[in-house]
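Q: Sequence and predicted structure are below.
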Amino acid sequence: MTALLDTHTILWSGRAQHRLGLGARAILKEESSVLLVSSASAWEIATKVRLGKFPEAAVLEADFVLLMGKAGFHLLSISVEDALRAGRMQGQHRDPFDRMIAAQALALDIPVISIDTKLDAFGVRRIW
């Protein structure tokens, strides 16, 4: 299965696997899974570290590309089409990072591994 990881799923997959839902854990453990990480997650983590909202992620932010590779995750760039889709999506969810993750999942027709039920309003398939 190919799936896109929400930012908190990336964080919890490393040090807080007990916080992951059963469906999320199963997909993360499955060797045949192709797990994608959006550039939006890198942007979100870097922003929150810079603002002092998430200082414990400074090490992850500093070595993001290397650590994602070690975890077996595949990086997903943001395209102009993704940006336009995210900006045009209807819904009250204002978080730009979540909007981008939803837009990319919809474009690729893949689920998002996330606890965030607000993503459901965008019509994404969500696994937790």
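A: Ah, there it is. Residues are numbered from 1 along each chain as shown.
Q: What does the pLDDT read for the closest residue to M1 other than its chain neighbours?
A: Excluding the flanking residues, the one nearest M1 by CB to CB, 6 or more residues apart in numbering is S33, at 5.3 Å. Placement of C-beta: from N, CA and C, glycine included. Note on S33: pLDDT of 98.
Q: What of Q92?
A: pLDDT, read off for Q92, is 81.
Q: burial of it, as a residue count?
A: For Q92, the neighbour count with other CB atoms under 10 Å is 6.
Q: Verify the stated contact: it with D120.
A: No - counting by CB atoms under 8 Å, Q92 stays clear of D120, with 12.0 Å between them.
Q: Buried ones in the helix or strand of the chain with the lowest mean pLDDT, by neighbour count?
A: Lowest on mean pLDDT, DSSP states H and E among the helices and strands of the chain sits helix 7-15, with a mean of 93. In terms of neighbour count (16 or more other CB atoms under 10 Å), helix 7-15 has its buried residues at 7-13.
Q: Which residues does stretch 78-95 contact?
A: For stretch 78-95, contacts defined as CB atoms under 8 Å, 6 or more residues apart in numbering pick out 38-40, 96, 99-100, 102-104, 106-107, 118-119, 121-122.
Q: let's see 7 Å
A: Residues from elsewhere that reach stretch 78-95 (CB atoms under 7 Å, 6 or more residues apart in numbering): 39-40, 99-100, 102-104, 106-107, 118, 121-122.
Q: Many thanks, I have nothing further to ask.
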